[in-house]
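Q: Predicted structure and sequence below. I'll ask about it afterward.
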Amino acid sequence: MGVRSAFLFVIVLLIAVLAALNWGTLSAPTDIWLGFMTVSGPLGLIMLGLTVVLAAFFLVYVLYLHSSVLLDTKRHTKEMQVQRDLADKAEASRFTELRNFLEAQENKHMGHNADRHQALLARMDQLETAVRLRSEQTDNTLAAHIGQLEDRIERRPAAVLPPDTHPLV
């Protein structure tokens, strides 16, 4: 129970206690002037009845306000849930879009890497061919030089050789 409710309960309790203690005075008939005529009746009970009617009116009014606030809160909660769902869907679509973008970038980089790899392999094949060709040229050149040296050795006069040595022994 809130402080306001406790305070209102104490006031109602005080009115009830005062009415019970002074019931005789409240129910005593008296002349009441209504503005255009005079009637005889218990003024205290009439005032107590009006107080009860006023309290009932305020209670109905408070219940009406409370229910309207609850309905507004429920409506706002539904609207917030709809907005939250929209935000979640937008975030999910952004994540999907980001994932697609990253996949496209990865595929692009993989394509570039494959192209570079093919270019590297082609260059290595060219270099291997060039090295093989150069090696063959070097072998041929070496063989030609060796052949020239053999021809020179064979053409040398035999007199230059000591008598006990024979060529190519």
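A: Ah, there it is.

Q: Longest helix in this structure, by number of residues?
A: The longest helix of the chain (DSSP state H) is helix 43-155.

Q: So which elements touch that helix?
A: Packing partners of helix 43-155 (3 or more C-beta pairs under 8 Å, 6 or more residues apart in numbering; DSSP states H and E): helix 3-21, helix 23-26, strand 29-33. From N, CA and C alone the C-beta is placed, and that goes for glycine too.

Q: Please tabulate the ones you listed in CSV, including the columns mean neighbour count, mean pLDDT and distance to M110.
A: CSV is the format used below for the helices and strands packed on helix 43-155 (neighbours: other C-beta atoms under 10 Å; pLDDT from 0 to 100; distance: least, C-beta to C-beta, whole Å):
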stretch, mean neighbour count, mean pLDDT, distance to M110
helix 3-21, 11, 89, 70
helix 23-26, 12, 86, 96
strand 29-33, 11, 88, 100
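
Q: R152: which of those is closest?
A: R152 lies closest, by C-beta to C-beta, to one member of those: helix 3-21, at 127.8 Å.

Q: measure the residue nearest the centre of the chain to Q81 for me?
A: For the chain, the residue nearest the mean C-alpha position is E91 (6.1 Å; C-alpha atoms, centre = their mean). E91 sits at a distance of 15 Å from Q81 (criterion: C-beta to C-beta, to the nearest Å).

Q: Same check on S67?
A: From S67 to Q81 the distance is 21 Å (C-beta to C-beta).

Q: Kindly report the same for A144.
A: Distance of A144 to Q81, given as C-beta to C-beta: 93 Å.

Q: same deal with R134?
A: 78 Å.

Q: how about low-confidence regions in this structure?
A: Under the criterion pLDDT under 70, the flagged ranges of the chain are 1, 158-169.

Q: can you rerun that using 80?
A: Counting by pLDDT under 80, the chain shows low-confidence ranges at 1, 157-169.

Q: got the contact list for stretch 28-44?
A: A19, N22, T25, L26, S27, I46 (C-beta atoms under 8 Å, 6 or more residues apart in numbering).

Q: Many thanks, I have nothing further to ask.
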